[in-house]
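Novice: A predicted structure for the sequence below; I have some questions about it.
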Amino acid sequence: MLTRLKVSGFKNLVDVDVRFGPFTCIAGANGVGKSNLFDAILFLSAVTERTLAQAALSVRDESRRSGDVSGIFHRIGGQHDQEMRFEAEMILPKQGLDDLGQPVGASITLVRYVLRLGWRSQDSSHPDAGPLEVLEETLAPMRLRDASEHLLFPASKEWRNSVLEGRRAPEFVSTEEQDGQRIVRLHQDGRSGRLLTRQASALPRTMLSIVQSGEYPTALLVQREMQSWRLLQLESSALRRPDDFTAPPRMGSDGSHMAATLYHLARRAAANGDGKPDEAKATAVYAQVANRLASLLEDVRDVIIDRDETHERFTLLVCARDGTRHPARDLSDGTLRFLALAVMEFDRQSGGLLCLEEPENGIHPRRIPAMLQLLQDIAADTDEPCDEANPLRQVIVNTHSPVVFQQVPDDSVLLAELVEDVRYGTPPDGKPPVRFSKL
């Protein structure tokens, strides 16, 4: 769970410092830079598994497309900043798996990750490392006794005790000056163990991105947490498409494999130790999704998955009260988006951070409260302990809709507005910096 993000030098994010809870709504006019905050989150996620250049190219520049790496730097006039800095505070899951499927546990679950990148000059002695240079990378534990100063959202003592765990530890990644060179070190948990050292200027990627095994358990779980940060861009074509029996059992960020995901959720719930599935438990999963969809469409009776043995295909069907079956391909865009989120709600094994732009799209204004309630229910309930039924999940949405703004609890809102750049005045081109503030 991402609890705080500080960004400077990325697009029109200059000296930005925002706090997040389990559910956060970013409200503001079109074009102020709400999506740039999402892009900063996604860039941090990308640098844990790609080179720095690849991560930069995966992010939309100010012209809303992928292109020149320099397009992600803050610009004034025709010039871009030479550095960008990110600082992310987060709560980690206590347990996870390494690349070999072996269990690992975090030494501490409250950590801070700092990444500072610079624009590499063309005459650099490391041209193969790419256009971005690591100036600083650190991963450090945060003191659990100071958690109340860092976690500013309402949460019960039981919830905090269930997610905050660990012991005092040294840094897991550090950056130091040695013989005039910046050195990045990857430390094993504890004061002893193997130390991996690299020259920062020669790194084409972050040290965090190379962790694969349980030798560095906390760093690995930070990597896993950041890789779970994703932007949902639910596409009608993907949501309408049936799934082959071989489709993955988890929904994609575009909504693909919704039918296969729901089918496997029901099978998982029905599984018993004796090998005989409990069909009543499978039916209950479909009923829960149907009940959630009924809060949007009153005419819903059932949601089922048709298993076509001949064509080896799963098709999601919504059954009306008169018995009519509507396949996903016949449903409206808004209904499909809502249905996809309803399926995600019951995928308890799917944790992490979900970003969603304009959740009101395709939803009748009278049904927007149902959509917002669903999104809040996907996020962790901080009144109850974190467990399998209440996973460490987080939702951040952005909107320019006054209807959405009025329906969201005040303590969950961040207001986004443009401000004059005090360093340079109003830029002659490009976008002024954006500021995020609580109500």
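Specialist: Looks like it arrived, so ask away. Note that the structure is a prediction, hence the values are computed from the model and not measured. Residues are numbered from 1 along each chain as shown.
Novice: show me where the stretch 101-250 of the chain has helices.
Specialist: 147-150, 157-163, 217-227, 236-240 (DSSP state H, counting those that start in this stretch).
Novice: which of those sits most buried?
Specialist: Ranked by mean neighbour count under mean count of other C-beta atoms under 10 Å, the helices of the stretch 101-250 of the chain are led by helix 217-227, which reaches a mean of 23. For the C-beta atoms, the positions are set from N, CA and C on the backbone; glycine is no exception.
Novice: what packs against that one?
Specialist: helix 34-46, strand 83-91, strand 95-97, strand 103-105, strand 110-119, strand 132-141 (3 or more C-beta pairs under 8 Å, 6 or more residues apart in numbering; DSSP states H and E).
Novice: Asn12: which of the ones you listed is closest?
Specialist: Ranking the helices and strands packed on helix 217-227 by distance to Asn12, with C-beta to C-beta as the measure, places helix 34-46 first at 5.9 Å.
Novice: now that closest one: mean pLDDT?
Specialist: Across helix 34-46, the average pLDDT comes to 96.
Novice: can you check what angle separates it from strand 110-119?
Specialist: 100 degrees (axes from the mean of the first three to the mean of the last three C-alpha atoms, to 10 degrees).
Novice: so that it lines up with my notes, have the first residue be 531 from now on.
Specialist: Shifting the count to begin at 531 puts that one at helix 564-576.
Novice: what's the helix or strand following helix 564-576 packed up against?
Specialist: Once the chain leaves helix 564-576, the next helix or strand it forms, by DSSP states H and E, is helix 582-587. Under the contact definition 3+ C-beta pairs under 8 Å, 6+ apart, helix 582-587 sits against helix 564-576, strand 662-671.
Novice: okay, buried residues for the longest one please.
Specialist: By neighbour count, and taking 16 or more other C-beta atoms under 10 Å as the criterion, the buried residues in helix 564-576 are 564-576.
Novice: and those as TSV, adding distance to Ala677?
Specialist: Formatted as TSV, the buried residues of helix 564-576 follow (distance: C-beta to C-beta, whole Å):
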residue	distance to Ala677
Lys564	28
Ser565	30
Asn566	29
Leu567	24
Phe568	26
Asp569	29
Ala570	24
Ile571	22
Leu572	27
Phe573	27
Leu574	22
Ser575	24
Ala576	28
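Novice: isn't Ala850 right up against Arg831?
Specialist: Yes - Ala850 is within contact range of Arg831, at 6.2 Å (criterion: C-beta atoms under 8 Å).
Novice: what about the stretch 831-969 of the chain, any weak spots by pLDDT?
Specialist: Along the stretch 831-969 of the chain, segments meeting pLDDT under 70 span 951-960.
Novice: show me the strands in it, by range?
Specialist: With DSSP state E, counting those that start in this stretch as the criterion, the stretch 831-969 of the chain has strands at 843-850, 855-857, 882-887, 923-929, 943-948, 964-968.
Novice: distance to Asp629 added to the ones you listed, as TSV?
Specialist: Conversion of these to TSV gives the following (distance: least, C-beta to C-beta, whole Å):
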stretch	distance to Asp629
strand 843-850	29
strand 855-857	38
strand 882-887	18
strand 923-929	23
strand 943-948	36
strand 964-968	36
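Novice: so which of these is the most packed in?
Specialist: Of all those, strand 923-929 has the most neighbours on average by mean count of other C-beta under 10 Å, namely a mean of 25.
Novice: what's in contact with that strand?
Specialist: Strand 923-929 has contacts (C-beta atoms under 8 Å, 6 or more residues apart in numbering) with 531-532, 550, 552-558, 564-565, 567-568, 571, 880-890, 905-906, 908-910, 934-935, 946.
Novice: now do 7 Å
Specialist: Strand 923-929 is touched from outside by 531-532, 550, 552-557, 564-565, 568, 881-890, 905, 908-910, 935, with contacts defined as C-beta atoms under 7 Å, 6 or more residues apart in numbering.
Novice: again, but for stretch 931-946
Specialist: Stretch 931-946 is contacted from outside by 548, 551, 553-558, 562-564, 890, 895, 898-899, 902, 929, 964, 966-969, using C-beta under 7 Å, 6+ apart.
Novice: distance of Val629 from Val752?
Specialist: Heads up, residue 629 is Asp, not Val. Distance of Asp629 to Val752, computed by C-beta to C-beta, to the nearest Å: 15 Å.
Novice: cool, Leu665 as well?
Specialist: Using C-beta to C-beta, Leu665 is found at 19 Å from Val752.
Novice: can you check Arg549 too?
Specialist: Taken as C-beta to C-beta, the span from Arg549 to Val752 is 19 Å.
Novice: Ala858 too?
Specialist: Ala858 sits 37 Å away from Val752, going by C-beta to C-beta.
Novice: then Arg698?
Specialist: 17 Å.
Novice: and what of Gly720?
Specialist: Counting by C-beta to C-beta, the separation of Gly720 from Val752 is 16 Å.
Novice: ok, Gly892 next?
Specialist: According to C-beta to C-beta, Gly892 stands 36 Å off from Val752.
Novice: what's the end-to-end length of stretch 549-568?
Specialist: Stretch 549-568 has an end-to-end distance of 14 Å (C-alpha to C-alpha, to the nearest Å).
Novice: same thing with stretch 624-639?
Specialist: Taking C-alpha to C-alpha, stretch 624-639 runs 6 Å from one end to the other.
Novice: same deal with stretch 698-718?
Specialist: Distance across stretch 698-718, first residue to last, is 14 Å (C-alpha to C-alpha).
Novice: average pLDDT across it?
Specialist: 92.
Novice: may I see the buried residues of that stretch?
Specialist: 699, 702-705, 712, 714-718.
Novice: in strands, which of those fall?
Specialist: 703-705, 712, 714-717 (DSSP state E).
Novice: now flag whichever of those is closest to Leu823.
Specialist: Distance ranking of those against Leu823, using C-beta to C-beta, places Val703 first at 44.5 Å.
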